[in-house]
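Colleague: build the 3D model from these lines:
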Amino acid sequence: MKMNIAKTGATLVAIGVCICSAELRAQTSTTTSVTTTRGAFTEFVPGSHTFVVRTDVNPSPVRYTVTKQTTVVDESGAPVAIDRISSGSPVAIDYTGSGDQLVASRIIVQRPVAVTAPVTTTTTTAPVTTEQHTVTTTETTRALTHDEKEALKEEHHARKEAVKEELERRKDALEKAKDKLEDDDHH
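Modeller: Below is the predicted model:
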């Protein structure tokens with residue numbers, strides 16, 4: 001009896017180590033690099049979950065896929081409802097993928113910066129001419145609506161439930177492995 005308990009315990013430990021090492025191998029073999037780009041928000045297409053941004057580097061708009069795991073926040077880290085972002089708002093997007101398969105993991109809505117055109121000074125034998133052009137942009141912030149807060153709560157709850165389901169699935173798999181080992185020991 002002591003031998004069976006020892007075998008079962010050793011086998012369960014071995015199974016746990018195998019599962020953990022398999023997960024670690026899966027995690028290390030699927031690491032992806034996160035890239036950050038900055039630009040001006042153009043549009044959000046809800047049906048396709050596409051967030052469109054125009055950058056200074058790329059003349060054509062860049063499209064990012066937004067998933068349930070994508071977080072949208074302001075510079076202070078406070079959640080922002082994606083449908084409340086104004087066209088032209090400066091954003092920074094953390095994303096993975098390449099080509100047409102860009103998946104946004106985090107979108108940071110930034111405060112617009114006051115833009116000042118360069119000052120041009122011309123000196124000749126004639127009087128000195130100085131031109132200055134200033135463009136000032138202001139932004140109004142607002143608190144989240146009740147519906148936006150509820151949507152964020154629901155998203156958080158859904159993520160929490162997904163983690164619980166995954167833990168249950170793993171627990172069931174370990175129980176099945178344990179039962180199989182016990183059956184093998186009896187035969």
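
Colleague: now do the longest strand belonging to the chain: everything it contacts.
Modeller: Counting by DSSP state E, the longest strand found in the chain is strand 62-74. With contact meaning C-beta atoms under 8 Å, 6 or more residues apart in numbering, strand 62-74 is reached by 37, 39, 44, 49-55, 79-82, 85, 93, 95, 100-111, 141, 155, 158-159. Just so you know, the C-beta spots here come from the backbone N, C-alpha and C atoms, and that holds for glycine as well.

Colleague: among those, which are in strands?
Modeller: The subset of those located in strands under the criterion DSSP E comprises 37, 39, 44, 50-54, 93, 95, 103-109.

Colleague: among those, name the buried ones.
Modeller: 37, 39, 44, 50-54, 93, 95, 104-105, 107-109 (16 or more other C-beta atoms under 10 Å).

Colleague: of those, which pair is most distant in space?
Modeller: Considering C-beta to C-beta, no two members of those lie farther apart than R54 and S105, which are separated by 20.1 Å.

Colleague: distance of E182 from D172?
Modeller: E182 sits at a distance of 16 Å from D172 (criterion: C-beta to C-beta, to the nearest Å).

Colleague: how close does R63 get to A92?
Modeller: Taking C-beta to C-beta as the criterion, R63 is separated from A92 by 16 Å.

Colleague: for Q69, same thing?
Modeller: Using C-beta to C-beta, one gets 17 Å for the distance from Q69 to A92.

Colleague: do D100 as well
Modeller: On the measure of C-beta to C-beta, D100 and A92 end up 21 Å apart.

Colleague: so those two - more neighbours on which side?
Modeller: For the pair D100 and A92, the greater number of neighbours falls to A92 (15 against 8), based on other C-beta atoms under 10 Å.

Colleague: for the protein, give me the ranges with low pLDDT.
Modeller: Low-confidence regions of the chain, defined by pLDDT under 70, span residues 1-32, 113-142.

Colleague: what about the longest helix in it?
Modeller: helix 146-186 (DSSP state H).

Colleague: tell me what angle it forms with strand 62-74.
Modeller: Put simply, helix 146-186 runs at 100 degrees to strand 62-74, going by axes from the mean of the first three to the mean of the last three C-alpha atoms, to 10 degrees.

Colleague: list the buried ones in stretch 80-100?
Modeller: V80, I82, I85, S89, P90, V91, I93, D94, Y95, G97.
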